[in-house]
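Chemist: just coords:
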């Protein structure tokens, strides 16, 4: 199914339906059996697509653009979506929603919000959240910090484990999964009430006539652990320049840099600084909770590639100025909003603002990733790599191509790895690579497409609003030159588009280029210190791209639906983050070499790289 055909919806039907038939074949990874996905769930379990799923509305989740290995699929779809979200949504509860379910088309994950449709039950759940939410908000800090500290204690336990010296890895693997699953309970147990509180404030602001595009600005300007990491990466780049290492970075590709620096006279002190940095900030992978992706410590390519491109900037990115601008914009937005309100409305606004400043969802949305999303899968990865070594596997990550029951069979000695399972791993690698290559042609949505999405999470985080839903149904998406989305971060920038499928390719972003992608997660944050603008298929006002675009003063438009289809790598484009418009100015075939060093236009805010 190619990208254009995948977006076409049968016009003769009253309901817009993108069939799931191509993916609901009953087949999945070679050797897959339904019992491989037999895991706890509350409302709906994860599975490959199956007949009847076209009755739901499924969105392609941008977090895993590489696809997921069998073990990664078990961990996220089972313990994350189908346990973590459903557990939290039922516990709070969310009145109109029961969490998220997951399906797989090949290796690619699609999510679907699980609605609560019974009016009586919606009312009962509304009464429960009216009781439970105030308690959470009054105790937010202790609840979050308690959960964070619990996870950090478990993390320190794993840091102290000698995996190679542990005779039986079974217990460590089980503990690794329990750590990941517990992290998902804490993650969504904090996320859902915070989001519910924000959305209550959002609704009150909208009722009072406040521009919805301004509401996200009221909470910006708070520092996070992810932004702290970015500053440290940039500091290392400036230290490399001062140490005379710019030429080494300029003349080697990211995967060559570690070895090249090791051969360079005088690079030793800088490498020591780099390794010290990694011990603090390098326990992070380039995907959310994906056991299939290495950390920065295991593979230095990503951080060295970022430093390489930072060194190409003629001027330094002023993080302090960007932070000041974000705070100034916040105060201005708040003052403008209050000015148009009555005294009674101001009281409602001030109370809601204070509550949201204390339990700041946009801040938490980025900060928690340092403690959860980017590292909680690593202990399980270490255990799998040690098991691969003991089993004389061909690759250190071969065990990631086993489903959980198969992994337990191997580590316990119930079934040998050599033989049938080893053969299956080889076939599954080929299957993964095949579907990875098909990512760009995967349908953005599947199933029954509603005229409007009511779930606030899908709207504000994933950007599934009427505009983006209409965009993905446009059969002429590949030829359009003007797109409309959510004006996530104000300002206008022109530059050369770099269409990236995953954060593995971040080193291709040169200073002043425009990032075009499905959407961003915290692993993308460092690039906002060098790009001129960002255009994303997905993401709402509370998405990572929107939050970081505002913090860094980078014009950003999200929820375009088809940016990665309409824009080609090398196109010259304009991103207007004030109006939410992205325009293709010159196609790649006609873009001259002179335009490869773009600059933002005069009305771009301070802090945008030139």
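Modeler: Good, I have the coordinates. Being a predicted model, the structure only gives us computed values, none of them experimental.

Chemist: now do stretch 292-310, average pLDDT.
Modeler: If you average the pLDDT over stretch 292-310, you get 93.

Chemist: packing partners of the helix or strand residue 109 falls within?
Modeler: Residue 109 is part of strand 108-115, with elements assigned from DSSP states H and E. Helices and strands touching strand 108-115, by 3 or more C-beta pairs under 8 Å, 6 or more residues apart in numbering; DSSP states H and E, are strand 57-60, strand 97-105. Just so you know, the C-beta spots here come from the backbone N, C-alpha and C atoms, and that holds for glycine as well.

Chemist: tell me how far residue 519 lies from residue 396.
Modeler: According to C-beta to C-beta, to the nearest Å, residue 519 stands 30 Å off from residue 396.

Chemist: those two - which one has more neighbours?
Modeler: Applying other C-beta atoms under 10 Å to residue 519 and residue 396 shows that residue 519 carries more neighbours, namely 27 against 16.

Chemist: how about the longest helix seen in the chain: buried residues?
Modeler: Ordering each helix of the chain by length in residues (DSSP state H) puts helix 170-207 first. By 16 or more other C-beta atoms under 10 Å, the buried positions in helix 170-207 come out as 170, 172-173, 175-177, 179-202, 204-205.

Chemist: can you name the residues in contact with stretch 385-394?
Modeler: Contact partners of stretch 385-394, identified using C-beta atoms under 8 Å, 6 or more residues apart in numbering, comprise 163-164, 166, 169, 173, 395-399, 407, 410-411, 417-418, 422, 425-426.

Chemist: out of the residues you listed, which are buried?
Modeler: Buried members of the contacts of stretch 385-394, scored by 16+ other C-beta under 10 Å, are 163, 169, 173, 396-399, 407, 410-411, 417, 422, 425.

Chemist: residue 293: which of the residues you listed is nearest?
Modeler: Proximity of the buried ones among the contacts of stretch 385-394 to residue 293 (C-beta to C-beta) peaks at residue 397, which lies at 9.6 Å.

Chemist: got the contact list for that closest one?
Modeler: 292, 381, 384-385, 388.

Chemist: any idea how far stretch 269-284 is from the chain center?
Modeler: Stretch 269-284 has its C-alpha centroid displaced from the chain centroid by 24 Å (C-alpha atoms, centre = their mean, to the nearest Å).

Chemist: what comes up buried for it?
Modeler: For stretch 269-284, the buried set under the neighbour-count rule, 16+ other C-beta under 10 Å, comprises 270-271, 273-274, 277-278, 281-284.

Chemist: report the separation between the spatially most distant residue from the centre of the chain and residue 332.
Modeler: In terms of distance from the mean C-alpha position of the chain, residue 343 ranks first, at 40.0 Å (C-alpha atoms, centre = their mean). Look at residue 343 and residue 332: by C-beta to C-beta, they are 21 Å apart.

Chemist: need phi/psi at the spatially most central residue of the chain.
Modeler: Using C-alpha atoms, centre = their mean, the residue of the chain that lies closest to the mean C-alpha position is residue 521, 3.0 Å off. Main-chain torsions, residue 521, degrees, to the nearest 10: phi -130, psi 180.

Chemist: measure residue 186 to residue 143 for me?
Modeler: Look at residue 186 and residue 143: by C-beta to C-beta, they are 9 Å apart.

Chemist: next one: residue 137
Modeler: With C-beta to C-beta as the criterion, residue 137 and residue 143 are 10 Å apart.

Chemist: that older thread, got a markdown table for the helices and strands packed on strand 108-115, with mean pLDDT too?
Modeler: Below are those laid out as a markdown table (pLDDT from 0 to 100):
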| stretch | mean pLDDT |
| --- | --- |
| strand 57-60 | 95 |
| strand 97-105 | 95 |
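
Chemist: just for the stretch 201-350 of the chain, where's the confidence low?
Modeler: Low-confidence segments of the stretch 201-350 of the chain (pLDDT under 70): none present.

Chemist: what packs against whichever strand or helix holds residue 354?
Modeler: In the assignment (DSSP H and E), residue 354 maps to helix 343-358. Contacts defined by 3+ C-beta pairs under 8 Å, 6+ apart place helix 343-358 against helix 170-207, helix 319-339.

Chemist: and the helix or strand just after it, which residues are buried?
Modeler: Per DSSP H and E, the first helix or strand lying C-terminal to helix 343-358 is helix 361-371. Neighbour counts over helix 361-371 (16+ other C-beta under 10 Å) mark 361-371 as buried.

Chemist: got the angle for helix 361-371 vs helix 343-358?
Modeler: Relative orientation of helix 361-371 and helix 343-358, computed by axes from the mean of the first three to the mean of the last three C-alpha atoms, to 10 degrees: 10 degrees.

Chemist: ok, residue 301 - contacts?
Modeler: 254-255, 257, 507.

Chemist: make TSV out of the residues you listed and add distance to residue 474 and neighbour count.
Modeler: Putting the contacts of residue 301 into TSV (distance: C-beta to C-beta, whole Å; neighbours: other C-beta atoms under 10 Å) gives the following:
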residue	distance to residue 474	neighbour count
254	36	22
255	38	13
257	42	23
507	32	21
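
Chemist: now do the same for the residue nearest to residue 462 when sequence neighbours are not counted: its pLDDT.
Modeler: Using C-beta to C-beta, 6 or more residues apart in numbering and skipping residues adjacent in sequence, the residue nearest residue 462 is residue 538, 5.4 Å away. pLDDT, residue 538: 93.

Chemist: any idea how far residue 538 lies from residue 286?
Modeler: Distance, residue 538 to residue 286, by C-beta to C-beta: 18 Å.

Chemist: go on, residue 237?
Modeler: Per C-beta to C-beta, residue 237 is found 18 Å from residue 286.

Chemist: picking that back up, what's the closest of the helices and strands packed on strand 108-115 to residue 23?
Modeler: Closest to residue 23 of the helices and strands packed on strand 108-115 is strand 97-105 (C-beta to C-beta; 3.9 Å).

Chemist: tell me which strands the closest one pairs with, and in which orientation.
Modeler: With DSSP bridges as the test, strand 97-105 is paired with strand 47-48 (parallel), strand 108-115 (antiparallel).

Chemist: ok, and the most crowded of the contacts of residue 397?
Modeler: Tallying neighbours with other C-beta under 10 Å puts residue 384 at the head of the contacts of residue 397, with 28 neighbours.

Chemist: contacting residues for that residue?
Modeler: Going by C-beta under 8 Å, 6+ apart, residue 384 touches 71, 173, 291, 397, 399-400, 407.

Chemist: what of residue 489?
Modeler: Going by C-beta under 8 Å, 6+ apart, residue 489 touches 534, 546, 549-550, 553-556, 577.

Chemist: can you rerun that using 7 Å?
Modeler: By C-beta atoms under 7 Å, 6 or more residues apart in numbering, the residues touching residue 489 are 546, 549-550, 554-556, 577.

Chemist: farthest pair within those?
Modeler: Greatest spacing in the contacts of residue 489, by C-beta to C-beta: 546 and 555 (11.4 Å).

Chemist: so what's residue 469 closest to, chain neighbours aside?
Modeler: Counting by C-beta to C-beta, 6+ apart, residue 469 lies nearest to residue 449, which is 6.1 Å off, once chain neighbours are set aside.

Chemist: that neighbour: how many residues sit nearby?
Modeler: When counting by other C-beta under 10 Å, one arrives at 20 neighbours for residue 449.

Chemist: please tell me how far it sits from residue 470.
Modeler: Relative to residue 470, residue 449 is positioned 9 Å away (criterion: C-beta to C-beta).

Chemist: and if you look at residue 482?
Modeler: In terms of C-beta to C-beta, residue 482 sits 14 Å off from residue 470.

Chemist: the nearest residue to residue 327 once chain neighbours are set aside: neighbouring residues, count only.
Modeler: Here the nearest residue to residue 327 in space, its sequence neighbours aside, is residue 221; by C-beta to C-beta, 6+ apart that works out to 3.9 Å. The local packing of residue 221 (other C-beta under 10 Å) involves 21 other residues.

Chemist: doesn't residue 401 make contact with residue 70?
Modeler: Yes - applying C-beta atoms under 7 Å, one finds residue 70 in contact with residue 401, separated by 5.7 Å.

Chemist: overlap in contacts of the two?
Modeler: residue 428.
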